[in-house]
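A.B. asks: give the three-dimensional model of this entry:
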Amino acid sequence: MGHMWVVVGILEEDRLLTNWSSKRPGSDTTCLLVPGDHPCITHDSVIKYEFIKEIPLVTLLQLIEEGNLQPNVDINDEALQRIQEGIFTSRKVPPYIKSRYAHLRKK
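C.D. replies: Okay, here's the model as predicted:
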C-alpha cells in the first residue's frame with residue numbers, strides 16, 4: 001500500500017481507510033491537507049477519496065504484522081474531522097460507504 005493511509009472510520013470489525021497525495025492540477029480538493037496536519041505532510045496534499053476502502057480489522061492487523069503497513073503518528077483531530085466530512089461531499093466516495101458510515105457525519 002505505498003502511500004500514507006489513515007483510518008477514518010470504524011464500524012464493528014471493519015475499518016475505513018483512505019490516503020493522501022500531493023495536490024496537483026485536477027486533484028479532488030474536497031479535503032486539503034497542509035503542513036501541520038500530520039508530520040509527514042510537508043506541502044499541500046489532498047485526500048484521495050477515489051481510493052477509499054473498507055477492510056476488516058483482522059486484515060489491517062495482518063498487513064501491519066507482515067510489514068506491509070507501518071503505524072505512524074495519528075493525524076490531528078481537526079484534520080481527521082475534515083477528512084470525515086469530505087466523505088459526504090466528495091463525488092468520489094461510493095454511496096454505500098456514505099450510507100454505511102453515516103455515523104461519521106457531523107451535525
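
A.B. asks: mind listing the strands for this protein?
C.D. replies: With DSSP state E as the criterion, the chain has strands at 5-11, 14-22, 32-33, 45-47, 53-56.

A.B. asks: save the ones you listed as CSV, and put in mean neighbour count, mean pLDDT and distance to residue 78 too.
C.D. replies: Where you see a C-beta, it was placed from the backbone N, CA and C, and this is true even at glycine. Compiled in CSV, these are given as follows (neighbours: other Cβ atoms under 10 Å; pLDDT from 0 to 100; distance: least, Cβ to Cβ, whole Å):
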stretch, mean neighbour count, mean pLDDT, distance to residue 78
strand 5-11, 18, 94, 13
strand 14-22, 19, 95, 15
strand 32-33, 20, 96, 11
strand 45-47, 23, 96, 14
strand 53-56, 14, 97, 24
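
A.B. asks: out of those strands, nearest to residue 102?
C.D. replies: With Cβ to Cβ, the closest approach to residue 102 among the strands of the chain belongs to strand 5-11: 9.9 Å.

A.B. asks: quick one: low-confidence ranges for the chain?
C.D. replies: Judged by pLDDT under 70, the chain has its weakly predicted residues at 1-2, 107.

A.B. asks: residues in contact with the biggest helix by length in it?
C.D. replies: Identified as the longest helix of the chain according to DSSP state H is helix 77-87. Outside helix 77-87, the residues that touch it by Cβ atoms under 8 Å, 6 or more residues apart in numbering are 6, 8-9, 18, 30-31, 33, 37-38, 47, 49, 52, 74-75, 93, 97-98, 101, 104-106.

A.B. asks: looking at the residues you listed, which are in helices?
C.D. replies: Counting by DSSP H, these contribute 97-98 to helices.

A.B. asks: as JSON lines, the strands of the chain with distance to residue 63 would be great.
C.D. replies: Shown next, in JSON lines, are the strands of the chain (distance: least, Cβ to Cβ, whole Å):
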{"stretch": "strand 5-11", "distance to residue 63": "9"}
{"stretch": "strand 14-22", "distance to residue 63": "10"}
{"stretch": "strand 32-33", "distance to residue 63": "23"}
{"stretch": "strand 45-47", "distance to residue 63": "20"}
{"stretch": "strand 53-56", "distance to residue 63": "8"}
